[in-house]
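Asks: Pasted the sequence and its predicted model underneath.
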Amino acid sequence: MTVLPTTASAPRASAVAEPPILPLGAARLLAGASSGRAVDHLEHRALAGPLVHRTQAWLCEAARTVGLLGRGGAAFPVATKLAAVRPGPATHVLVNGSESEPTSHKDRLLMRRVPHRVLDGALVAAAALGTSRVTVAVHDQEAAQALTTACGERGDATAVRIVVTPAGFVAGEVQAVVNGLDGRPAVPNGRRTLPSDRGLEGRPTFAGNVETFAQLGLLALLGPSAYAAIGTGTEPGTSLVTVFGDVPRAGVAEVAHGTPLDLLTGATGDRPVLLGGYHGTWTRARGLLLDRPALRASGLAWGAGVVVVLPETTCPLGEVARVARWLAQESAGQCGPCVFGLASLADDIARLQVGAPVDLPGLHRRLGLVSGRGACGHPDGAVRFLASALAMFPEEIGDHTTSGGCGRPVLGVLPLPGSAR
């Protein structure tokens with residue numbers, strides 16, 4: 001029975017209306033989505049072909065062969081995660097559709113427009129693990145409704161639960177989702193418990209991002225060779241990406257791995273680009289390719305699959321200061337590095353913006369003290385964003401320090417919940 005609780009916290013509204021789908025290659029996951037409505041089951045089967053079930057061993061080997069990485073931000077190898085889950089009827093499959101990252105819209109679009117892609121992957125994983133316990137956790141009401149309708153269109157999804165979960169940045173972390181679903185506060189565990197060992201109801205749980213499950217279902221259908229027909233040798237296949245800011249076309253695209261980021265950003269030259277969202281990295285797009293292993297080797301994080309180019313008309317330091325304050329406010333309140341460290345860093349960034357004196361060497365030192373010491377990954381991600389911003393905008397920092405500003409307004413290009421881009 002599909003469940004859509006009415007007692008759950010109201011989902012957080014999107015920062016913007018649903019962005020368009022950008023036609024930047026052959027659609028795999030997004031086939032049929034450009035119609036602007038949810039693809040129903042009959043149309044999905046006509047486009048996608050039959051649902052193909054595989055064994056756990058087959059899926060693990062296939063995912064290992066194509067180097068399938070999770071699409072939720074951590075890019076953890078799917079084969080390793082799946083192999084760690086003990087199969088059986090008590091095992092759970094948890095599809096994390098929270099998408100708490102304010103800059104990202106790819107997961108919501110996937111759930112709203114092609115919900116059967118997500119359900120196919122979840123059901124393939126459940127069958128491989130010998131269980132019928134499938135839960136989809138989602139913040140977004142429209143996505144929840146699309147998934148609920150999709151479950152009603154097919155006879156194999158009657159046991160799938162669609163649960164609206166509390167909104168919040170860290171509430172989308174997988175262990176926070178598990179805690180929330182089990183009736184505890186929706187915050188990450190300081191113990192960093194793995195869901196494969198102890199997940200929903202304290203039982204083994206295979207958990208992943210909605211796009212990860214969609215990719216897994218596609219892999220089961222195509223097999224490793226056909227799946228790897230596009231992409232790169234180090235990372236076959238495609239990824240969904242949200243693109244906005246001063247770009248030729250803003251929206252959500254499905255692009256093959258190996259695609260030059262210049263194709264998404266346009267002729268930005270050496271202008272700053274944010275990759276991965278608010279746990280991501282500031283860099284420059286020139287010469288970069290969408291290839292997670294290559295980006296990681298360069299010290300960059302693809303994260304939530306976000307590419308943002310700031311317009312030259314906005315104040316970069318002001319944009320960063322707004323996000324720094326929000327990141328500090330989104331703390332789960334479980335540890336000093338998060339509660340005090342992020343607030344202190346946000347204070348210093350705000351002081352830089354208004355030209356107040358700041359000990360820059362001390363600021364960099366405290367960034368290093370916060371990183372790696374939190375109870376969850378939030379402090380690390382926030383430090384990654386802030387440290388790369390300080391490295392990216394030295395001239396702007398100099399302008400604000402010597403002249404009290406750069407002369408540009410803060411346009412709020414980087415979205416925050418409740419704000420507009």
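Replies: Happy to help now that I have it.
Asks: Which secondary structure state is assigned to Ile162?
Replies: Following DSSP: H, G, I helix; E, B strand; the rest coil, we place Ile162 in the strand state.
Asks: any idea how far Trp326 is from Ala294?
Replies: Remark: distance between Trp326 and Ala294 (C-beta to C-beta, to the nearest Å) = 30 Å. Glycine gets a C-beta too; all of them are placed from N, C-alpha and C.
Asks: residues contacting the residue positioned nearest the centre of the chain?
Replies: Of all residues in the chain, the one closest to the mean position by C-alpha atoms, centre = their mean is Ala304, 3.2 Å from it. By C-beta atoms under 8 Å, 6 or more residues apart in numbering, the contact set of Ala304 is Gly72, Gly73, Glu99, Glu101, Thr103, Ser104, Lys106, Thr242, Gly276, Gly277, His279, Gly280.
Asks: what do you get if the cut-off is 6 Å, keeping everything else the same?
Replies: For Ala304, the contacting residues are Gly73, Glu101, Ser104, Gly276, Gly277, by C-beta atoms under 6 Å, 6 or more residues apart in numbering.
Asks: Quick check: longest strand in this protein by residues?
Replies: strand 238-245 (DSSP state E).
Asks: how far does it sit from the chain's center?
Replies: With C-alpha atoms, centre = their mean, to the nearest Å as the basis, strand 238-245 stands 11 Å off its chain's centre.
Asks: Likewise for stretch 407-421?
Replies: 20 Å.
Asks: pull the CA atoms of it into PDB?
Replies: Extracted C-alpha coordinates of stretch 407-421, given in PDB (Å, rounded to 0.1, in the frame of the first residue of the first chain):
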ATOM      1  CA  GLY A 407      30.500  48.600  -6.000                       C
ATOM      2  CA  ARG A 408      28.200  45.700  -7.100                       C
ATOM      3  CA  PRO A 409      24.900  44.800  -5.400                       C
ATOM      4  CA  VAL A 410      24.200  41.400  -4.000                       C
ATOM      5  CA  LEU A 411      21.600  40.100  -6.400                       C
ATOM      6  CA  GLY A 412      20.900  36.800  -4.600                       C
ATOM      7  CA  VAL A 413      21.900  34.600  -7.600                       C
ATOM      8  CA  LEU A 414      22.700  31.800  -5.300                       C
ATOM      9  CA  PRO A 415      19.300  30.600  -4.100                       C
ATOM     10  CA  LEU A 416      18.300  30.000  -0.500                       C
ATOM     11  CA  PRO A 417      15.000  28.500   0.700                       C
ATOM     12  CA  GLY A 418      12.300  31.000   0.400                       C
ATOM     13  CA  SER A 419      14.300  33.300  -1.900                       C
ATOM     14  CA  ALA A 420      14.200  33.700  -5.600                       C
ATOM     15  CA  ARG A 421      17.200  33.400  -8.000                       C
END
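Asks: What average pLDDT does that stretch get?
Replies: Averaged across stretch 407-421, the pLDDT comes to 83.
Asks: For that stretch, buried residues please.
Replies: Under the neighbour-count criterion of 16 or more other C-beta atoms under 10 Å, stretch 407-421 has Arg408, Val410, Val413, Leu414, Pro415, Leu416, Arg421 buried.
Asks: Could you do stretch 226-243 as well?
Replies: For stretch 226-243, the neighbour count (16+ other C-beta under 10 Å) marks 227-228, 230-232, 235-243 as buried.
Asks: Just the mean pLDDT for that stretch, thanks.
Replies: If you average the pLDDT over stretch 226-243, you get 95.
Asks: helices and strands of this protein: which one has the lowest mean pLDDT?
Replies: helix 336 (a mean of 72; mean pLDDT, DSSP states H and E).
Asks: chain center to that helix, what's the gap?
Replies: Taking mean C-alpha positions (C-alpha atoms, centre = their mean), helix 336 and its chain are 25 Å apart.
Asks: I'd like to know which elements it is packed against.
Replies: The contact analysis (3 or more C-beta pairs under 6 Å, 6 or more residues apart in numbering; DSSP states H and E) places helix 336 against no helix or strand.
Asks: Which neighbouring elements make contact with the next helix or strand after that helix?
Replies: Following helix 336 in sequence order, the next helix or strand is helix 342-353 (DSSP states H and E). Helix 342-353 sits against helix 316-329, with contacts defined as 3+ C-beta pairs under 6 Å, 6+ apart.
Asks: Which helix runs longest in the chain?
Replies: Criterion DSSP state H: the longest helix present in the chain is helix 210-227.
Asks: Endpoints of stretch 335-343, how far apart?
Replies: Stretch 335-343 has an end-to-end distance of 12 Å (criterion: C-alpha to C-alpha, to the nearest Å).
Asks: so how far is Leu290 from Leu181?
Replies: Distance from Leu181 to Leu290, by C-beta to C-beta: 33 Å.
Asks: Quick check on these two: which one has the bigger neighbour count.
Replies: The neighbour comparison of Leu181 against Leu290 (other C-beta atoms under 10 Å) goes to Leu290, with 25 against 20.
Asks: ok, that one to Trp302 distance?
Replies: 7 Å.
Asks: do Ser225 as well
Replies: 25 Å.
Asks: Those two: which has the busier surroundings?
Replies: Neighbour count, other C-beta under 10 Å: between Ser225 and Trp302, Trp302 has more, with 24 against 11.
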